[in-house]
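# Provide a 3D model corresponding to the input given below.
(chains A and B, ligands or ions: 2)
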Amino acid sequence: MNATTPASNEVTLEGVSKAFGPTTVLQDLDLTIGAGELVTVLGPSGCGKTTALRILAGFEKPTDGRVLVGGRELTQVPPNRRGIGMVFQAYSLFPNMTVQDNVEYGLRVRKVDREKRRRTAQDMLEMCGLGEFALRFPAQLSGGQQQRVALARALATQPEVVLLDEPLSALDAIVRVQIREEIRRLQQQLGITTMFVTHDQEEALAIADRVAVLRGGVIEQIDVPRAVYQNPATEFVARFVGSVTELGAAADYQGGRLPVRAPGGDLDTLFIRPEDLTLVPEPDGDCTVVSQIYTGERTTIRASSQERDAEGNPLELITSVSAAEAADLTPGTRVSPYVMSSPALRVTAAERHVAEREAALEAGEGGLRAAGAASVQAGAAR
Amino acid sequence: MTQAGAAPAPTQSGAEQGGAAASPAQRPSLFSRARWQGVGSALRSPATLSLLPLSLVLLLFFIVPIVGMAIIAFTVTAEDGSTGVGLDNFMALTSGSHSAAIVNSVQVSLVGSTIAAVIGTLTSFCISQIRSEKLDSVVAVFTSVLANDGGAPLAFSFIVTLGNAGVVYGLLNLGDTGFSLYSWQGLVVMYQYFLIPTMIMVTLPTFVGLRKEWREANAALGGSAPTFWHRVGLPIAMPALLGGWILCFGAAFATHASAAVLIGAGGYPLIPLNIGALLGQAGDSQQVAMALGVTMVAIAVITLFAFNRLQRRSARWMH
Ligand SMILES: Nc1ncnc2c1ncn2[C@@H]1O[C@H](COP(=O)(O)OP(=O)(O)OP(=O)(O)O)[C@@H](O)[C@H]1O
Ligand SMILES: [Mg+2]
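Ligands and ions are numbered 1, 2, ... in the order given. Purely as a prediction, here's the structure:
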């Protein structure tokens, strides 16, 4: 069962496509998860995250392409012979069995003798902080405890690969952070190749070795969390991961005070992270602070411009400051934006024109556009 | 909970332990004021109030008739016309047609409900595998209609098809096999027409309710489909299967109209038929009928308890 060579549990999706009837959900997807690596798959609802994961698990057959684990092709192998561990979103524990029996299940199927089963399950439960719950039934556990059991159950058979589909989305914020750290710790300790699907960008960045941002069945970017955040490959990634301020800037703008203008025309579009943007109180500033949101360590400041975009809405600027700095930025204060370091992404006017023309050509492909529109909204909501 | 409220709760017994954890000395005695106040407030609680309609229905349609029946059943009329309490009416059940009726009723119901339980379960299972919500709701409507489709019309349609001059009877030469509709086998077959739908109606939601995640978790853990059914699917469905079986037993046990039409009186004694016949006669036969009725209720209640025990054991995990 266990790894023989380090590369034996590398996971690859090779040119995988999936269509349900007329709708294409995944398009020629290539994804490699290195041995012992944790890749989070992040994307808006309906972008195909679950589908990709289920193809890897064997619950869906790809329309095209191959699935390989450790170089062995598994495309046609049924899920119960793949030896891939799985943690679902919720409610996957067998309700008729105790926690102990749930965790032992995979070993029982493998005909491991009773003593060994007991011991492994106990160890697994201890490791997941569940020792005292062994004899309870799932209905007697909290959601967080249930997900821990699901994790223990998936790990009990010592799989080389584990897939998690939004395992924390049904839990409250504090438990979510606790458990994701446990998952990360166990994953690193056991060297398990892991695919972790989520639509929570903070979660995706926090636990990943690499983040794959999926949109409309296509991977927009796959890179280490820092790169995805600081150097997004596309506008979509810039908007979907983290908060961002979008402003127009002249082609020769190189930083410093930025006259507020809506993106468009012959201006470049700057995508600026909150920490790269400084709002300086100035009596003749282009913008007005609209809100302060105190989040503990930092305070989020939102400002809006007098300048309107094409739809007639004010531009929204977002930055985060320390509590001391926030004192000068009370709502109503006139401010001017300064871009202190290079923006996360700069789309030149020429690039944008090319993209707009391509988008117009693709307009027939409704599914992709809908997915894109949904993600723009998701980005704007933050 | 009401108990915890009634007892002047000792501080050390926490909320989750409630009054039950209070030491005997601190508990109010049976007749203490605190206890009666507790009963009073319990009676005024919303839970009690919302139980009121059910209690009324139970009282009027269940308790009153049974008590009435029992009173008559235990009433013995002496030669001189005076009445007293005794078991004479029940003694009359120990022999002849009535004892046969009791045995027959139990036999027909047990065999009929068991066959229906098996066939109904398999059918529900297959329907659930198709995973079409539309089919599920169509089946739900049809089975609930068919489940209530006993009675005389059913018997007549049987006589027309499977009776000694029936169409199917003739076509299949059933006479050669020794099959007779007017026997207990005939009853068992006829009962299937409403028992199987009853079973499907009761068990289909359970099969449909088996979560996809359970199947997939089983597969991801290396289990095959039979493993899933053996360890997860059937154990979860078991309470519903047992419930359906007892319901079928009860339905078969209480069936009167279709059996009466098919068998008539006397041909093959069954409890409901004998009660019907007795009620039509003069003398103390009414008291014997009531004794038979009480026996019937007793058997039904015993069966219910037996099944309940099984069900509870199979549903240990439900809370
Ligand atoms: N069995 C199916 N039949 C038809 N369409 C499907 C099926 N499963 C998924 N889809 C479609 O495929 C698309 C991608 O679904 P998928 O479940 O992979 O999304 P997701 O990224 O996991 O979304 P979410 O974040 O909401 O879970 C959706 O538009 C969905 O409607
Ligand atoms: Mg999903």
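# Near chain B, which residues of chain A are found?
Proximity of chain A to chain B (C-beta under 8 Å from any C-beta of the partner chain) is limited to residues A:57-59, A:78-81, A:83-86, A:88, A:90-97, A:105-106, A:108-110, A:137-140, A:150, A:153-154, A:157. Placement of C-beta: from N, CA and C, glycine included.
# Just these: which are in strands?
Per DSSP state E, strands hold the following members of these: A:84, A:85, A:86.
# Buried members of the residues of chain A next to chain B into PyMOL, please.
With 16 or more other C-beta atoms under 10 Å in any protein chain shown as the burial test, the buried ones among those are selected in PyMOL as follows:
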select buried, chain A and resi 57+58+59+79+80+83+84+85+86+88+90+91+92+93+94+95+96+97+105+106+108+109+137+138+150+153+154+157
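# Filter the residues of chain A next to chain B down to the ones in helices?
Per DSSP state H, helices hold the following members of the residues of chain A next to chain B: A:57, A:105, A:106, A:108, A:109, A:150, A:153, A:154.
# what's the most distant pair in the residues you listed?
A:57 and A:108 (20.4 Å; C-beta to C-beta).
# Break chain B into its domains for me.
Domain assignment for chain B by automatic domain parsing gives B:50-86, B:89-315.
# so which of the ones you listed comes closest to ligand 1?
In terms of C-beta to the nearest ligand atom, the element of those nearest to ligand 1 is domain B:89-315, at 10.6 Å.
# quick one: the closest one near chain A?
Yes. For domain B:89-315, a contact with chain A is found by C-beta under 8 Å from any C-beta, at B:211, B:213-214, B:216-224, B:227, B:231-232, B:235-236.
# Please compute how far that domain lies from its chain's middle.
Mean C-alpha position of domain B:89-315 versus that of the full chain (C-alpha atoms, centre = their mean, to the nearest Å) differs by 10 Å.
# Ok, stretch A:264-276 next?
23 Å.
# Just name whatever secondary elements the host helix or strand of residue B:204 is in contact with.
Taking DSSP states H and E as the criterion, residue B:204 maps to helix B:184-208. Helices and strands touching helix B:184-208, as assessed by 3 or more C-beta pairs under 8 Å, 6 or more residues apart in numbering or on different chains; DSSP states H and E, comprise helix B:96-130, helix B:133-147, helix B:151-162, helix B:234-254, helix B:257-263.
# can those helices go into TSV with extra columns for mean pLDDT?
What follows is these, written out as TSV (pLDDT from 0 to 100):
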stretch	mean pLDDT
helix B:96-130	92
helix B:133-147	88
helix B:151-162	80
helix B:234-254	90
helix B:257-263	80
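# Determine which of these approaches residue B:306 most closely.
Evaluated with C-beta to C-beta, these place helix B:234-254 nearest to residue B:306, the distance being 8.6 Å.
# Next, the buried residues of the closest one.
Quick answer for helix B:234-254 (16+ other C-beta under 10 Å): B:234-253.
# Helix B:133-147 and that one, what's the angle between them?
Put simply, helix B:234-254 runs at 30 degrees to helix B:133-147, going by axes from the mean of the first three to the mean of the last three C-alpha atoms, to 10 degrees.
# And helix B:234-254, what does it pack against?
helix B:96-130, helix B:184-208, helix B:285-314.
# any chance of those helices in JSON lines, with mean neighbour count and distance to residue B:38 too?
JSON lines is the format used below for these (neighbours: other C-beta atoms under 10 Å in any protein chain shown; distance: least, C-beta to C-beta, whole Å):
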{"stretch": "helix B:96-130", "mean neighbour count": "19", "distance to residue B:38": "44"}
{"stretch": "helix B:184-208", "mean neighbour count": "22", "distance to residue B:38": "39"}
{"stretch": "helix B:285-314", "mean neighbour count": "17", "distance to residue B:38": "29"}
